[in-house]
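Trainee: test case, fold it:
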Amino acid sequence: MTADQGQDDLLIRADAAMKAADWTAAAGYLRQLQTTGAGAAIDNALGICLAQGGDPVSAVRAFAIASHKAPDNVEFRFNLATAQKASGDLAAARATFRALLAAAPEHLNAWFNLGNTCLQLGLPDAAADAYEQAFRLRPDWAELCRNRAIALREAGRYEEALVSARAAFTDNPGDMALVRVIAISLDRLGRSDEAADTLTASPEGTDLDLFAELSLNAGRTGQATAALEQGYRSTGNSVWAVRKLLAHPPIVSGTDELSDLRSRFPVDMEVIRTAGGDIPDPLAAGLGPAFYPGYRGEDERERQIALSGLYRSLCPCLNHVSVNPHRPGSRPEKLKVCFISRHLVSHTIGQLQRGFTAGLDRRRFEVHVVGFAAPKDPVAQQIAGSADHFHIAPPDIAGACHAVENLQPDIIVYPDIGMEPLTYFMAHARLAPVQCAAWGHPLTTGIDSIDYFISGAEFEADDPAGHYSEKLFCLSGPATVYQRPVIQQDFSPEELGLDPARRSYFCGQSLFKMQPDFDALLAGILRADEQGEILLVEGGHASWSRLLRERFVRDIPDVAARIRFLPRLGYDAFLSLTGKADVLLDTTQWSGGNTALESIALGQPMVMLPGRFMRGRISAGMYRVCGVTETICDTPEAYIRTAVRLASDRDWRSEIQSRVRKGAGRLFEAAECLRELERFFDDAYESAS
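Mentor: As a prediction, the model looks like this:
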C-alpha cells in the first residue's frame, strides 16, 4: 500500500468512526494522520473529536495548530474559541472570539458565544453588546433573545431588559426565564408589587422562591412567608422551611411587624428541628445567613448560634475539618495569614482591610488574599498587589474550602462573615488553627469554628463578652489602618441639590438601617426646626425608598414632606455632600463606620445616639478617638437638641468642626493597630490547641 493509500484508509476509518460517534477511535486515526504532515483540516477534525470526547484542553491544542496553519479560516478560529470556553479559559475564549469577529463581523454564532462568554466572566454590559450584534443578524432566535434580556438585567439596565424580555415573551409565552427577567426588572425599578403579580400570573405557575423575595421587597411579608410555607408543605423539603425562617423584609413597616418577626423565628426554628432533613449544598439551594435581623438592635448571639447549629445538622458538608497539622509551641518563621472575602474591592470592607493586608510585617507574616473574581477596581487591585499571594477561589463551598485548605494557612481572617452566603458557609469548616471574624460585619457569627472576633475597644459597651459566641479581641483607636479619603472632584451645593433656604440634616446610611425608632428622631428634629429638611439617599433597591416614604407618611405625617430622597450618589458626590451638609445624622441600632471615618476626614461632626451593641456604637467610638464627644448623645431628646443646635448655632458648629479637624489625624494610617494585630496573631497561634 502506498503512503497516499494509507492516508486515504485512515481518512475513511476516521470518517466512519466520527459518524458512529466513536470519538476515541476517530481521534486515534487522526493523530496517525498528523504524523504524515497532514493539513489544518486534520488538526481541526482532531479537535472536534477531542471536544466531543470530553477533552476540551487537548481540543484547544489541536484547534490552535489548525488556526496557526490556516490563520484565515474563520471556522477553525471559532472552534478554538469554543474549546477555550469549554476548558474554562474564558479570557482566552473572549480574546479569540473578538479577533475572529474583527475579521468576520457577520459571524452570528461568534457574536452569540462571545455574549455567553462575557456573561460567564461577569461582564454583562459587554455580553449585552455582543448579543445586540447577534440580534441584528437574527432577531427571531429565541435563546439569543432570552440571553440578551438576562444580560441587560444583570447589567442593571432594567428598562431595556424589561422591553427586551417582554418582546421575546410575546413569541415564547412559556419561557420562565423571561418571566424571571420581567419580574426582577420590575422589582429593581421599584415596581415590586407588579413584579410579584407577574409571577402569580405566569402560565407555568409561580416561582415560589423568587415570588417570596419580590414580596419581601414589596413589603408583603405575610405573602412571602405564605408562599414559602406552601413550598415546604407541598415538597417536605427543609430548604423551604429554612427560607421561611430567614424571610425578613429589608424595610420594616413598623413596631408591630418587628414584634411579629421576633416571635416567628423560634417557632419556625422548632418546626425545622423537629422535621429534620438533609440539604447537600446550602449555597446551591439559595440559603445564607440571617442578614436583616441584626439591624433591629436586639441581642443576636443566641439566634446566630441556633442558626449555625441548624445548618450544621442539616448540611453535613459544612463540617469539614482540615487534615493540615498544627504544631503548638513551634511558630513557623512566618505565619501564613489568609484574608478571605468577596468584598476586598471598592467597598466598605476593602477600605477597612487594605491597610492590614499591606502593612503586616513581612518578616513575620506571609499574607494571602482570597477573592472570588479577578481584581477590577483600584481598591481590589491595590489589595491584590499588596498581598504576597492573591488567589481566586471557586465560587462554591467545597471548591473554595479546598482551595484555601491547599494554602495551609496558619490564621484565617474573614472580615465580614454574614454579609453574603459563601464565606458564611465556608466559616463553618476548620481550615486553619486560628480562625477570626472581624468587625467589617459587626455582628457575632454564632459559628463555633470561628475562634475570635476582632473588634475595637472604643466601639464596645461595658462587659461586651456576652454579646459574642467567639472570644473577643479589641484593637485600640480606630481598629483599622484607614487611608484618609480625598475628594477628587468637588460638587457645589447646587449640583448636590441642597436648598439654600433650608438647613440640611444629612443621613447617608443605608435605608435598611433605619428602624422605626429612628423615625421619631427625624420627626423631632423637623418639628424643632421649621427651616430644616432631612436628606436621605435612595436605596440600592428602588422599592426601599417607597416603603420608607409610606412609613413616614403614615407615622409622622406632619413632617414627612420635609424628608427628601436624593438620587444615588457617586463617591465624590457623596463625600461632597458629607462635607457641605449643615448636620450629619447617624443611625442608632446599626451605626455608620466607613461614613464616620469619611465625616471626620472632612472635618464634620456627626450626631450619634449609641446603641446597646457594638454595631450601634462604631461612629461614636471613632469620634471618641478623634477627641470630640459633644455630639455623642445618651437620650433621644439630647439627639434632637444637639442636631438642631448644630444646624442653628453656626459659632458652635464651627468650633466643633475645628476640633474634629484637629483630632482627625488620630484616625488615619494608625500603625499601632497593625502592631496590636501582629501581637494578637502571634498569641492566638501560640494558644491554638
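Trainee: shaky segments in the stretch 151-300 of the chain?
Mentor: 201-206 (pLDDT under 70).
Trainee: cutoff 80 now
Mentor: 200-206 (pLDDT under 80).
Trainee: what segments of it are helices?
Mentor: Using DSSP state H, counting those that start in this stretch, the helices of the stretch 151-300 of the chain run over residues 158-171, 176-188, 192-200, 208-217, 221-235, 238-246, 255-275.
Trainee: what residues are up against the residue nearest to Gly350 when sequence neighbours are not counted?
Mentor: Ranked by Cβ to Cβ, 6 or more residues apart in numbering and with sequence neighbours excluded, the top spatial neighbour of Gly350 is Val379, at 4.3 Å. (Each C-beta comes from the backbone N, C-alpha and C, glycine too.) The contact partners of Val379, taken as Cβ atoms under 8 Å, 6 or more residues apart in numbering, are Leu344, Val345, Ser346, His347, Gly350, Gln351, Arg354.
Trainee: repeat that for Tyr639.
Mentor: So Tyr639 contacts Leu521, Gly524, Val607, Met608, Leu609, Cys633 (Cβ under 8 Å, 6+ apart).
Trainee: out of the residues you listed, which is nearest to Asn324?
Mentor: Minimum distance to Asn324 across the contacts of Tyr639 is 44.0 Å, recorded for Met608 (Cβ to Cβ).
Trainee: dump the residue contacts of the closest one.
Mentor: Asp586, Ser591, Ser619, Ala620, Tyr623, Thr631, Ile632, Cys633, Tyr639.
Trainee: adding pLDDT, secondary structure and distance to Ala247 as columns, could you present these in TSV?
Mentor: Shown next, in TSV, are these (pLDDT from 0 to 100; DSSP: H, G, I helix; E, B strand; the rest coil; distance: Cβ to Cβ, whole Å):
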residue	pLDDT	secondary structure	distance to Ala247
Asp586	98	coil	28
Ser591	96	coil	26
Ser619	97	helix	30
Ala620	97	helix	32
Tyr623	98	helix	36
Thr631	98	coil	37
Ile632	98	strand	36
Cys633	98	coil	34
Tyr639	98	helix	32
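Trainee: now do the strands in the stretch 351-500 of the chain.
Mentor: For the stretch 351-500 of the chain, the strands defined by DSSP state E, counting those that start in this stretch cover 365-371, 389-392, 411-414, 434-438, 452-456, 471-475.
Trainee: just so I know, which of those strands lies nearest Ala26?
Mentor: Short answer: strand 389-392, nearest of the strands of the stretch 351-500 of the chain by Cβ to Cβ, at 35.9 Å.
Trainee: which outside residues touch the closest one?
Mentor: 366-375, 383-384, 403, 407.
Trainee: and these, which two are the farthest apart?
Mentor: Top of the distance list for these (Cβ to Cβ): Glu366 and Ala373, 22.8 Å.
Trainee: of these two, who's got more company?
Mentor: Glu366 (19 against 13; other Cβ atoms under 10 Å).
Trainee: and Lys677, that's in a helix?
Mentor: Quick fix: residue 677 is Leu, not Lys. Yes. Judged by DSSP: H, G, I helix; E, B strand; the rest coil, Leu677 forms part of a helix.
Trainee: what sits against it?
Mentor: Phe356, Leu360, Ile454, Leu475.
Trainee: ditto for Ser545
Mentor: Counted by Cβ under 8 Å, 6+ apart, Ser545 has contacts Gly190, Leu511, Leu536, Glu538, Gly539, Phe565.
Trainee: tell me how far it lies from Thr221.
Mentor: 18 Å (Cβ to Cβ, to the nearest Å).
Trainee: what do you get for Gln509?
Mentor: In terms of Cβ to Cβ, Gln509 sits 22 Å off from Thr221.
Trainee: same question for Phe681.
Mentor: As judged by Cβ to Cβ, Phe681 and Thr221 stand 43 Å apart.
Trainee: same question, Gly355
Mentor: Distance from Gly355 to Thr221, by Cβ to Cβ: 40 Å.
Trainee: show the average pLDDT along stretch 447-455.
Mentor: Mean per-residue pLDDT for stretch 447-455: 98.
Trainee: list of residues touching it?
Mentor: 304-305, 308, 413-414, 417, 427-430, 434-439, 442, 444-445, 464, 468-475, 479, 614, 677, 680, 684, 688.
Trainee: select only the buried ones of those residues in PyMOL?
Mentor: Per 16 or more other Cβ atoms under 10 Å, the buried members of the contacts of stretch 447-455 correspond to this PyMOL selection:
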select buried, resi 304+305+308+413+414+417+427+428+429+430+434+435+436+437+438+439+442+444+445+464+468+469+470+472+473+474+475+479+614+677+680+684+688
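Trainee: and the closest residue to Val553 other than its chain neighbours, how many neighbours does it have?
Mentor: Using Cβ to Cβ, 6+ apart and skipping the chain neighbours, the partner closest in space to Val553 is Ala560 (4.7 Å). For Ala560, the count of nearby residues is 19 (other Cβ under 10 Å).
Trainee: tell me the contacts of Ala560?
Mentor: Contacts of Ala560 (Cβ under 8 Å, 6+ apart): Arg549, Phe552, Val553.
Trainee: contacts only, for the first one.
Mentor: The neighbourhood of Arg549, defined by Cβ under 8 Å, 6+ apart, consists of Ala560, Ile563, Phe565.
Trainee: residues contacting the second one?
Mentor: Residues near Ile563 by Cβ under 8 Å, 6+ apart: Leu522, Leu526, Glu533, Ile534, Leu536, Arg549, Phe552.
Trainee: just confirm Gln657 contacts Gly603, I think it does.
Mentor: Yes. The pair Gln657 / Gly603 is scored as a contact, 5.1 Å apart, by Cβ atoms under 8 Å.
Trainee: by mean pLDDT, point me to the weakest helix or strand of this protein.
Mentor: Least confident helix or strand, the chain: helix 3-19 with a mean of 71, by mean pLDDT, DSSP states H and E.
Trainee: residues in contact with the helix or strand that comes right after that helix?
Mentor: Sequence order places helix 23-34 as the next helix or strand after helix 3-19, per DSSP states H and E. The contact list for helix 23-34 (Cβ under 8 Å, 6+ apart) reads 7, 10-11, 13-14, 17-18, 42-43, 45-46, 49-50, 52-53.
Trainee: do stretch 264-279 as well
Mentor: Under Cβ under 8 Å, 6+ apart, the answer for stretch 264-279 is 225, 236-239, 241-242, 244-245, 285, 287, 293, 303, 306-307, 310, 313-316.
Trainee: could you rerun that using 7 Å?
Mentor: Contact with stretch 264-279 is made by Ser238, Val239, Ala241, Val242, Lys244, Leu245, Ala285, Arg303, Ala306, Leu310, Leu314, Cys315, as judged by Cβ atoms under 7 Å, 6 or more residues apart in numbering.
Trainee: just the buried ones out of the contacts of Leu677, please.
Mentor: Here, 16+ other Cβ under 10 Å leaves Phe356, Leu360, Ile454, Leu475 buried among the contacts of Leu677.
Trainee: let's have those in a markdown table, adding distance to Ala86.
Mentor: Below are these laid out as a markdown table (distance: Cβ to Cβ, whole Å):
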| residue | distance to Ala86 |
| --- | --- |
| Phe356 | 39 |
| Leu360 | 40 |
| Ile454 | 43 |
| Leu475 | 48 |
